[in-house]
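>>> I'll drop the sequence and a predicted model, then ask my questions.
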Amino acid sequence: KIVYTDLLQRDVELRSKGLADLLLDTPLFGSHTTGVDALWSGLPLLTMAGETLPSRVAAGLALHASSVQTLARNLMDYEAILMHLVQNVSRIRAVSEQVRKGRGDQCRALQGERASIWNTVLFTRTLESSLRMMWDTAASVADQRARSHHIVGLADQV
């Protein structure tokens, strides 16, 4: 069943997403904020990684939100996962529970082996570390370029 609504207040919108069974992502331009909101409410996100950045966002969200069972490799896989889930309501509920549990587990964990979309402390540390590495790399390249080019000025021309 597909339900359309008018714009809702933020808290009502998040609660209403939790009433659904499954969010079907579009392959060409995947969900971004809607996907995060759905996953936060425990709603599994059926998606697949496309070839462009906008089509890959939802796959990254699903991966880091404990919804890997709903991450398809291609359109045929997408359809197969969808059919498996809609024909087995208990399976959808199990995936939904795993998403909810993953959110709780990852919110409590301040350290982990992989980044989590829910663990903002770890996400911030990882982002800061990545930015430092990029800065250090750029500075190193700039330093190497400066050493490889000798600027010589003649006293009478300066």
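On my side now, so go ahead. Numbers count the residues shown, from 1 in each chain.
>>> All the helices of the chain, residue numbers only.
10-17, 33-40, 57-64, 75-86, 89-108, 120-148 (DSSP state H).
>>> and the first one with helix 33-40, angle?
Read it as helix 10-17. For helix 10-17 against helix 33-40, the angle by axes from the mean of the first three to the mean of the last three Cα atoms, to 10 degrees is 70 degrees.
>>> Which of the residues in helix 10-17 are classified as buried?
residue 17 (16 or more other Cβ atoms under 10 Å). Glycine gets a C-beta too; all of them are placed from N, C-alpha and C.
>>> Do me a favour and average the pLDDT over that helix.
In this model, helix 10-17 carries a mean pLDDT of 76.
>>> Not counting its own residues, what contacts that helix?
5, 8, 23, 37-38, 40-41, 43 (Cβ atoms under 8 Å, 6 or more residues apart in numbering).
>>> which residue is nearest the middle of the protein?
residue 61 (2.6 Å; Cα atoms, centre = their mean).
>>> and the gap between the nearest residue to that one once chain neighbours are set aside and residue 125?
Nearest non-adjacent residue to residue 61, counting by Cβ to Cβ, 6 or more residues apart in numbering: residue 35, 4.8 Å away. Distance from residue 35 to residue 125, counting by Cβ to Cβ, to the nearest Å: 23 Å.
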